[in-house]
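> next one to model:
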Amino acid sequence: MSKLTVINSFGPMGSTLLASLVEKLGFTNVPLRKLRLHDYLMGDLSLDSGVMQGRLENILTEHSKPALVGGVSVLDRNNQAPKSLTDIKRVEGALADFKNKKFDNIQALYDGCRQIYNDAVIYKKIETTPDCHIEMTVDIHRFDPDKLYQAYQDNFDEVHMIHLHRDFSGWINALSSQAFTHPDLLHRVKFFPHMRYADYALYEDSVNAMPGLHVQFDEMFDTPIEALAEKTASTLNVPIPEMNLRKEKYDLYGKTLDYDFAFKRFDDSVSYLQPKTLKYLSKLAETGAMASNLPAQILSWLRYLMDMLRYRRKQRT
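Numbers count the residues shown, from 1 in each chain. Coordinates of the predicted model:
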């Protein structure tokens, strides 16, 4: 029987960290995302569209090249040697068969996709049950929450959902760090806080309408890992593993880290946006001005730009 743990998040909410813990509960944790599963579940993509097969091939190709991946933050990711996560040559035959195979249900398509990626992984040894998966979503707020939840239940043997939350100030600060360090100038400049907030608010509304376990970002650092594991295992209906969780290594999207480093706050300890900017943005979010006050929206963007330029100048000195 296939078992699926769906971890919902939007932006930097700690999904890879929680996934690394769920892996200790017997679910396979690999950096395979954006397979457009929701489009299949909602009927926007047909089983014979070949889209998931194409995504798998593209991801395997990219992950077979040395690259900077994983870690607790953008800075941690960038301060490491490039490495390959997969070897596509290992699965060339299976991939060709997979692309030509006809599927009559979404679960079989999804399971087959996951198995091929797992067989190609070279950065670690996968020791979990093959039919227990972790799906990390980033687009759940783009769909009708009731219909999508029911589609999961209708198309998979067993599904459990975990919804992540993070306070807006910490979230926008961490998200800004990704924009600050992006190599493309337009990407750095076209970061509009009010538009980011609109997506953030939509995400919160969507996941709050769904059943499942709700986990706050702070819980992953403030709650003893044993208590967090027990709470998560209870939701997923699996036993607590007989291991010292503080002595284990944790896989954060392709980079394995010791417990002391993986479960240590990083983004919140660095102010990418200036404290005054964060306070201003939080006030706009709390009062509703972020969504409707055009002068405030423009000022929030200008504050972001000044902080971004200040940060990049500092990095060059």
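
> quickly find the element holding I162.
Using DSSP states H and E, I162 sits in strand 158-165.

> got a list of contacts for whatever helix or strand comes next after that strand?
Following strand 158-165 in sequence order, the next helix or strand is helix 168-180 (DSSP H and E). With contacts defined as Cβ atoms under 8 Å, 6 or more residues apart in numbering, helix 168-180 is touched by 11-13, 73-75, 166, 187-188, 191, 193, 196-197, 200, 217, 267-268, 270-273, 278-279, 281-282, 285, 304, 307-308, 311-312. (C-beta placed from N, C-alpha, C; glycine too.)

> so which helix or strand takes in the closest residue to T129 other than its chain neighbours?
Ranked by Cβ to Cβ, 6 or more residues apart in numbering and with sequence neighbours excluded, the top spatial neighbour of T129 is G26, at 5.7 Å. Using DSSP H and E, G26 sits within no helix or strand.

> what about G26, how many residues nearby?
For G26, the neighbour count with other Cβ atoms under 10 Å is 17.

> can you check the pLDDT for it?
pLDDT, G26: 94.

> hang on, V6 in a strand?
Yes: note on V6: a strand contains this position according to DSSP: H, G, I helix; E, B strand; the rest coil.

> okay, the helix ranked longest in the chain in CSV with CA atoms only?
Ranked by number of residues, the top helix in the chain under DSSP state H is helix 294-316. C-alpha atoms of helix 294-316 as CSV (Å, rounded to 0.1, in the frame of the first residue of the first chain):
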residue,chain,number,x,y,z
LEU,A,294,-0.9,52.0,-3.0
PRO,A,295,1.5,54.6,-1.4
ALA,A,296,2.4,52.1,1.3
GLN,A,297,3.0,49.4,-1.3
ILE,A,298,5.3,51.7,-3.2
LEU,A,299,7.2,52.7,-0.1
SER,A,300,7.5,49.1,1.0
TRP,A,301,9.2,48.3,-2.4
LEU,A,302,11.5,51.3,-2.1
ARG,A,303,12.5,50.2,1.4
TYR,A,304,13.3,46.8,0.1
LEU,A,305,15.4,48.2,-2.7
MET,A,306,17.5,50.3,-0.3
ASP,A,307,18.1,47.3,2.0
MET,A,308,19.0,45.1,-1.0
LEU,A,309,21.5,47.7,-2.3
ARG,A,310,22.9,48.2,1.2
TYR,A,311,23.4,44.4,1.6
ARG,A,312,25.1,43.9,-1.7
ARG,A,313,27.5,46.8,-1.1
LYS,A,314,28.4,45.3,2.2
GLN,A,315,29.1,42.0,0.6
ARG,A,316,31.5,43.5,-1.9
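
> okay then, goodbye and thanks.
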